[in-house]
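Student: I need the structure of the sequence given here:
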Amino acid sequence: MITNFFIPELNNHDVQELWFQQDGATCHTARATIDLLKDTFGDCLISRFGPMNWPPRSCDLTPLEYYLWGYVKSLVYADKPQTLDHLEDNIRRVIADIRPQMLEKVIENWTSRLDYIRASRGSPMPEIMFKI
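Tutor: Purely as a prediction, here's the structure:
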């Protein structure tokens, strides 16, 4: 998928600066996969075994994990798609409907989380609500 779809699709767009963030799932961090991603993204890769190692089990730090995937998933599956085409249509529609204002709010929340983590020197964050 990375070789046959993702990278060619990236090449179709005029992207000046791009960081690739990958979760730490074992199947996603096979040596061949990491080598391919390093060749493609260089030092702009955030992944286990990548040049920028994301802290393990840190879903509270990544807006994709603590907010966006849950938001997208809740809307994609709201009408219980029964076919792959229906599911793909829902994914495209939901992603296309994300507005800059929502992303700005997510980034504001993320910045607040980082400030809190800095102030608490990385201790647990039980009082932080994980919703926007």
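Student: CA only for contacts and neighbour counts going forward, please
Tutor: Fine.
Student: bridging residues for the closest residue to residue 21 other than its chain neighbours?
Tutor: In this structure, residue 21 finds its nearest non-sequential neighbour in residue 46, 4.6 Å apart by CA to CA, 6 or more residues apart in numbering. Beta-bridge pairing for residue 46 (DSSP bridges): residue 21, residue 52.
Student: which residues does residue 46 contact?
Tutor: By CA atoms under 8 Å, 6 or more residues apart in numbering, the contact set of residue 46 is 19, 20, 21, 22, 52, 53, 54.
Student: So for the fourth one, what's the pLDDT?
Tutor: Read it as residue 22. pLDDT recorded at residue 22 is 77.
Student: Low-confidence ranges, this structure, go.
Tutor: 23-24, 54-61, 122-132 (pLDDT under 70).
Student: quick one: contacts for residue 26?
Tutor: Going by CA under 8 Å, 6+ apart, residue 26 touches no other residue.
Student: For it, give its distance to residue 1.
Tutor: Residue 26 sits 17 Å away from residue 1, going by CA to CA, to the nearest Å.
Student: Likewise for residue 36?
Tutor: Relative to residue 1, and taking CA to CA, residue 36 is found at 12 Å.
Student: between these two, who's got more neighbours?
Tutor: The neighbour comparison of residue 36 against residue 1 (other CA atoms under 10 Å) goes to residue 36, with 13 against 6.
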